[in-house]
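Trainee: one predicted model, sequence on top.
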Amino acid sequence: MNITKIGHCCLLIKTKNLTILTDPGAYSTGQNTLTGIDVILITHEHPDHLHAESLQEVLKHNPEAVVITNSSVGKVLDGLNIQYSVTEGRANTTVKDVLIEAFDGKHGELFGDFGIVQNTGYFIDNKLFYPGDSFTNPEKAVDVLALPVAGPWVKIGDAIQYALEVKPRVAFPVHEGGLVEGRVGGAHMAPKVVLGEAGVEWVVIGQSECKEF
């Protein structure tokens, strides 16, 4: 599996013969000109994960791509006249022999119910778990974890504890697009130290950088 970080939570994932784009949000623009995408996964409707103009550009360049998401995002897409397939709860679907499993989990709390929307994490090809904006434990073996490390709902200690509970072989940071480049600090360093001591490999993927897992 090859993973390219476009930015924030927008990932380009290539596994077997399938190419997946996750969460084309407003914190990146590199997704807008990509081609060869088969599936677009959208975890929830917040603009840093679903930017209407970006999604429309992605679909313009990938007219055969299938959007897979949850019912809440679907209501937004209905207003944009964008077709989609719902995979949520604990449902799953298979595209080109690649299993995509849904894991609904409560969006991380900002303050009370403010900003709480349906959030669906996705387990891809029995290898990569991307939880969206949640600390949902899929309660199955995770090889690679996309770990949210920053943002208004994230406390780095909670993120580290979550990764320790999931116990992936390797983890990499996401959801830090709102941080100032070069000033990421503890959002990357603390997990490296603590997870490393627990036997979890910590890999930072830079913007537009590709890593093989």
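Mentor: Here it is on my side, so go on. Numbers count the residues shown, from 1 in each chain.
Trainee: and the one helix or strand in the chain whose mean pLDDT sits lowest, how far out from the chain's middle?
Mentor: Each helix and strand of the chain was given a mean pLDDT (mean pLDDT, DSSP states H and E); the minimum falls on helix 186-197 at a mean of 94. With CA atoms, centre = their mean, to the nearest Å as the basis, helix 186-197 stands 20 Å off its chain's centre.
Trainee: check stretch 17-31 too.
Mentor: For stretch 17-31, the distance to the chain centre is 9 Å (CA atoms, centre = their mean).
Trainee: measure stretch 22-41 end to end?
Mentor: Terminal residues of stretch 22-41 are spaced 5 Å apart (CA to CA, to the nearest Å).
Trainee: residues near the nearest residue to G108 once chain neighbours are set aside, how many?
Mentor: Leaving aside its chain neighbours, G108 sits nearest to W153 (3.4 Å; criterion: CB to CB, 6 or more residues apart in numbering). No exception for glycine: its C-beta is placed from N, CA and C like everyone else's. The number of residues packed near W153 is 19, by other CB atoms under 10 Å.
Trainee: could you grab the helix/strand/coil label for W153?
Mentor: State at W153, reduced to three classes by DSSP: H, G, I helix; E, B strand; the rest coil: coil.
Trainee: how close does it sit to D48?
Mentor: 11 Å (CB to CB, to the nearest Å).
Trainee: for the closest residue to I124 other than its chain neighbours, helix, strand, or coil?
Mentor: Spatial nearest neighbour of I124, excluding adjacent residues (CB to CB, 6+ apart): I100 at 5.9 Å. Secondary structure for I100, judged by three-state DSSP, is strand.
Trainee: next one: E57
Mentor: Put simply, E57 is helix when judged by three-state DSSP.
Trainee: show the pLDDT at it.
Mentor: pLDDT recorded at E57 is 98.
Trainee: neighbours around it, how many?
Mentor: E57: 17 neighbours (other CB under 10 Å).
Trainee: again, but for T93
Mentor: 16.
Trainee: can you give me the strands for this protein?
Mentor: Applying DSSP state E to the chain gives strands spanning 2-7, 10-15, 18-22, 39-41, 66-69, 85-86, 92-95, 98-104, 120-124, 128-130, 144-148, 170-174, 201-202, 210-212.
Trainee: show the average pLDDT along the first one.
Mentor: This points to strand 2-7. Mean predicted lDDT for strand 2-7 stands at 98.
Trainee: so what's V166 up against?
Mentor: The contact partners of V166, by CB atoms under 8 Å, 6 or more residues apart in numbering, come to F129, N137, P138, V142, L145.
Trainee: can you rerun that using 6 Å?
Mentor: By CB atoms under 6 Å, 6 or more residues apart in numbering, the residues touching V166 are N137, V142, L145.
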